[in-house]
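A.B. asks: Give me a 3D structure for the following:
(2 chains, ligands or ions: 3)
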Amino acid sequence: MKTSSSPFREVSLHVNGEIKPVLIKPSDTLLYILRVKLGLTGSKPGCLNGDCGACTVNVDGMAMKSCLMFAIEAPGKRIITIEGLKGTPIQHAFIKEFAFQCGYCTSGFIMNCYSLVENYPDANDELITEMLESNICRCTGYQEIENAVKSVLSSNKNLEK
Amino acid sequence: MLSFDFDYHAPSTLKEAVSIYQILERQGKQPLFYGGGTEVLTLGRLNLVYSDALIDIKNIPECRVQMLTDKHLVLGAALTLTALTERNLFPLLSKTARGVADHTARNKITLGGNICGEIFYREAVLPFLLTDSYAVIAGNEIRTVSFDEVFNQFLQLGKGEFLVQLITNRNDLRLPQFHIKRRKQWNIGYPLVTVASIKKAGTVRIAISGLCPFPFRSKKLEEALNNNDISIESRINEAIQHVPSPILHDVEGSDEYRIFVLKNTLQDVLESYQGGES
Ligand SMILES: Cc1cc2nc3c(=O)[nH]c(=O)nc-3n(C[C@H](O)[C@H](O)[C@H](O)COP(=O)(O)OP(=O)(O)OC[C@H]3O[C@@H](n4cnc5c(N)ncnc54)[C@H](O)[C@@H]3O)c2cc1C
Ligand code: FES
Ligand code: FES
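C.D. replies: Ligands and ions are numbered 1, 2, ... in the order given. Predicted structure coming up:
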């Protein structure tokens, strides 16, 4: 069993397809490391308490609130942040459906919706509502966001046909 | 951001986890086993939880098992609530887990973390209080104990012990059941009252979270509810006399209001059993 006197550890994180060496403390949240050490400020700090979803990223294919995860657990996992999504259908759908106003919650919502359409191509209304409840928007109604999700799900289905 | 630093250990066997704990303790540290880490983070930020050495149990294979044997369902303590609900091997647990936090948070919150946590609600406890279930606990030895006996307001763990698995009798997984979570507002959030129930051998069993600072099941309360000689209303009034104290009285709801909500919820449960079982 190794113990060290320094709280810092050098680890490699797999973020947006790149391996990034970074010095972390076990008590750092993934959100802090992404924003402060890696300069990926698209994941937003909101409540820092797991309630608002502004900090949502994708870890090993699943939506994850990065304020609820210790960065020390991240080595070996594939992390995608909003900066790693480049012109995905869900991003286009958010623009097309006007699914945001001030935009503060948007990266978190998009990361959650990205996981939703990737993992649950057959999501029904109940599951869509349940998943969208993980994020809070203070500006818009949620209808436009729901429309964006549904438009991607249905165009993916049409592509399959 | 936490105001304290800690060492991080991620053992891959039960034995290693126990021995790391013992070594750290001998070094004068305050080690803590953990699963999802969401409560360590959220309560840690408020200085309500402290540790200078965290032991992550997620790499221990026994803690990640999700398996049906001939007679039992075995669930590892480090399974996330999402992993449980998606396989849905224990429908009452799935319904209860789906009421906890939100979908994304459930990708991180673990079964063991919910059961062993500090917060009042610990809703995932309810299905195990109702069924023939056992807790597998690792420490100097591995012990398997009846959940009913080892859970008294909190899971009664000795120093240096942690929860490895929950085992449930397979016959109890698909009994008639209800789960009702009543919140102050919205679809997400802590409960005013959550009632989980099964009907076994003609008898209704009830476990409750949100009413008291701990989840509970009361045999006396159940006896009153099962007294079919009197009306449902009288049964409920009698049952309420057996609610343990204290009753929560906070911004979510006053004690009086919680009792009011509980009465209505019990009525819904009893009437639903009469009307047809889900
Ligand atoms: C946004 C949000 C909403 C929530 N809503 C609800 C809700 O509606 N209902 C509800 O019941 N809860 C709710 N919770 C609380 C949550 O379920 C608990 O805080 C739970 O403890 C988190 O699980 P975890 O695995 O992250 O715990 P951790 O942070 O890993 O651990 C919590 C505690 O349990 C101990 N522990 C963990 N695993 C073990 C183990 N295997 N053996 C021994 N000790 C262990 C740790 O030492 C620590 O003290 C919510 C939490 C959040 C963040
Ligand atoms: S900042 Fe992470 S959920 Fe609000
Ligand atoms: S668009 Fe402003 S908070 Fe959502």
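A.B. asks: how about the biggest helix by length in chain B: buried residues?
C.D. replies: Looking across chain B with DSSP state H, the single longest helix is helix B:255-275. For helix B:255-275, burial by neighbour count (16 or more other Cβ atoms under 10 Å in any protein chain shown) applies to B:255, B:258, B:259, B:261, B:262, B:263, B:265, B:266, B:269, B:270, B:273. Heads up, the C-betas are built off the backbone N, CA and C, glycines and all.
A.B. asks: Please work out the average pLDDT along it.
C.D. replies: Averaged across helix B:255-275, the pLDDT comes to 94.
A.B. asks: next one: stretch A:53-67
C.D. replies: Stretch A:53-67 shows a mean pLDDT of 98 in the predicted model.
A.B. asks: what's the spacing between that stretch and its chain's center?
C.D. replies: 4 Å (Cα atoms, centre = their mean, to the nearest Å).
A.B. asks: what helix or strand is residue A:10 on?
C.D. replies: strand A:9-15 (DSSP states H and E).
A.B. asks: CA atoms of that strand as CSV?
C.D. replies: Output in CSV follows, covering the C-alpha atoms of strand A:9-15 (Å, rounded to 0.1, in the frame of the first residue of the first chain):
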residue,chain,number,x,y,z
ARG,A,9,-0.8,13.0,-8.2
GLU,A,10,0.2,13.0,-11.8
VAL,A,11,-2.4,11.2,-13.9
SER,A,12,-3.5,11.0,-17.5
LEU,A,13,-7.0,11.8,-18.5
HIS,A,14,-8.6,10.7,-21.7
VAL,A,15,-10.6,13.8,-22.7
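A.B. asks: Now do it: everything it contacts.
C.D. replies: A:19-26, A:33-34, A:38, A:40, A:71-72, A:74-81, A:84, B:8 (Cβ atoms under 8 Å, 6 or more residues apart in numbering or on different chains).
A.B. asks: re the thing from before, so which of the buried residues of helix B:255-275 is the closest to ligand 3?
C.D. replies: residue B:261 (31.6 Å; Cβ to the nearest ligand atom).
A.B. asks: wait, what's in contact with the closest one?
C.D. replies: B:182, B:192, B:193, B:253 are the contacts of residue B:261 under Cβ under 8 Å, 6+ apart.
A.B. asks: which stretches of the stretch 51-200 of chain B aren't confidently modelled?
C.D. replies: Along the stretch 51-200 of chain B, segments meeting pLDDT under 70 are nowhere present.
A.B. asks: biggest helix in chain A, by residue count?
C.D. replies: Under DSSP H, chain A gives helix A:143-160 as its longest helix.
A.B. asks: what helices or strands is that one leaning on?
C.D. replies: helix A:89-96, helix A:106-119, helix A:125-132 (3 or more Cβ pairs under 8 Å, 6 or more residues apart in numbering or on different chains; DSSP states H and E).
A.B. asks: most tightly surrounded among those helices?
C.D. replies: With neighbours taken as mean count of other Cβ atoms under 10 Å in any protein chain shown, these reach their highest mean count in helix A:106-119, at a mean of 24.
A.B. asks: Tell me the span between the first and last residue of stretch B:46-65.
C.D. replies: Stretch B:46-65 has an end-to-end distance of 33 Å (Cα to Cα, to the nearest Å).
A.B. asks: is any part of that stretch close to ligand 1?
C.D. replies: Yes: interface with ligand 1: stretch B:46-65 contributes B:49, B:57 (Cβ under 6 Å from any ligand atom).
A.B. asks: Spatially central residue for the chain, please.
C.D. replies: Picked chain A for this. Nearest to the mean C-alpha position of chain A, counting by Cα atoms, centre = their mean, stands residue A:57 at 2.1 Å.
A.B. asks: Quick check: it is in a strand.
C.D. replies: Yes: counting by DSSP: H, G, I helix; E, B strand; the rest coil, residue A:57 is found in a strand.
A.B. asks: So in terms of bridging, what pairs with it?
C.D. replies: residue A:64 (DSSP bridges).
A.B. asks: Ligand 2 versus that one, what's the distance?
C.D. replies: 10 Å (Cβ to the nearest ligand atom, to the nearest Å).
A.B. asks: dump the residue contacts of that residue.
C.D. replies: Contacts of residue A:57 (Cβ under 8 Å, 6+ apart): A:30, A:34, A:43, A:63, A:64, A:66, A:79, A:80, A:81, A:82, A:111.
A.B. asks: pretty sure the third one is touching residue A:66, no?
C.D. replies: This points to residue A:43. Yes: counting by Cβ atoms under 8 Å, residue A:43 touches residue A:66, with 5.5 Å between them.
A.B. asks: list residues touching both of the two?
C.D. replies: Joint contacts of residue A:43 and residue A:66 (Cβ under 8 Å, 6+ apart) are A:31, A:34, A:55, A:56, A:57.
A.B. asks: which of those sit farthest apart?
C.D. replies: Across those, no pair lies farther apart than A:34 and A:56, at 11.4 Å, counting by Cβ to Cβ.
A.B. asks: which residues do these two both contact?
C.D. replies: Common neighbours of residue A:34 and residue A:56 (Cβ under 8 Å, 6+ apart) are A:43, A:66.
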